[in-house]
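**Q** fold the following and give me the result.
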Amino acid sequence: MFVSFQELPDTARIWIYQSTKTFDAQALASVKDDIQQFLIQWTAHGQGLKTGFTIPFNRFIVLGVDQQHAQASGCSIDSSVRFIREIERKYQTTLLDNSLIAYNQNGQIQMEPIPAFKKLIASGQVDANTIVYNNLLTYKYDFLSRWMTPAKDAWHRKFFKENTV
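**A** As a prediction, this is how the structure comes out:
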């Protein structure tokens with residue numbers, strides 16, 4: 001069952017995928033259609049899932065499942081990853097590269113590989129108060145409150161500890 005992301009409970013399980021590019025209006029409309037079609041038919045062990053999605057900043061795809069209705073299983077999660085790979089191919093973007101760190105600099109979303117991000121820290125261009133996008137969150141309530149957060153409050157803080165040694 002497909003619902004709006006807002007209708008999912010705060011306890012919904014989520015998966016966050018960051019795109020290496022922002023979707024323009026035409027691509028965004030098409031991506032939304034593709035995601036909705038996938039979510040309508042997404043099942044776990046033959047049971048339909050209560051799902052929703054959002055695309056913040058036309059760049060991050062957030063899929064959600066109300067696990068009180070039915071839980072996503074390993075096979076259903078695998079099918080969602082295959083779907084995300086199809087989106088990557090169709091829209092010529094990367095969504096599954098966990099080595100890229102998204103952060104906000106001067107009001108713009110930037111994305112750098114981890115080694116380049118560490119160099120930005122070393123040079124002082126990025127600090128512990130830089131807003132990062134914590135894509136490792138797994139529940140909607142965390143996404144709503146801690147997704148965009150200072151680096152010192154996310155897993156990224158480990159890079160600052162490494163830099164002080």
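
**Q** what sits against Ile84?
**A** Tyr17, Ile61, Leu95, Leu96 (Cβ atoms under 8 Å, 6 or more residues apart in numbering). All C-beta atoms are positioned from the backbone trio N, CA, C, and that covers glycine.

**Q** that one sits in which helix or strand?
**A** helix 74-91 (DSSP states H and E).

**Q** would you confirm that Val31 contacts Ile87?
**A** Yes - contact criterion Cβ atoms under 8 Å: Val31 and Ile87 qualify, at 6.5 Å.

**Q** tell me, what's touching those two both at once?
**A** Ile61.

**Q** one step back: rounded mean pLDDT for the helix holding Ile84, please.
**A** Averaged across helix 74-91, the pLDDT comes to 90.

**Q** tell me the helix or strand right after that helix.
**A** Criterion used, DSSP H and E; the element after helix 74-91 is strand 100-105.

**Q** now the angle between strand 100-105 and the following helix or strand past that next one, please.
**A** Reading on from strand 100-105 to the C-terminus, the next helix or strand found by DSSP H and E is strand 108-113. On the basis of axes from the mean of the first three to the mean of the last three Cα atoms, to 10 degrees, strand 108-113 is oriented at 150 degrees to strand 100-105.

**Q** packing partners of strand 108-113?
**A** strand 100-105 (3 or more Cβ pairs under 8 Å, 6 or more residues apart in numbering; DSSP states H and E).

**Q** now tell me what touches the strand it packs on from outside.
**A** 18, 20, 60, 94, 109-114, 117, 125-126, 130-133, 135, 148, 151, 156.

**Q** before we move on, the earlier item: need the contacts of Ile84 in TSV (columns: pLDDT, neighbour count and distance to Ala25).
**A** TSV is the format used below for the contacts of Ile84 (pLDDT from 0 to 100; neighbours: other Cβ atoms under 10 Å; distance: Cβ to Cβ, whole Å):
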residue	pLDDT	neighbour count	distance to Ala25
Tyr17	97	22	20
Ile61	98	21	16
Leu95	97	18	19
Leu96	96	12	24
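
**Q** any of the contacts of strand 100-105 buried? List them.
**A** Buried residues within the contacts of strand 100-105, counting neighbours by 16 or more other Cβ atoms under 10 Å: 18, 60, 109, 111-112, 117, 126, 130-133, 135, 148, 151, 156.
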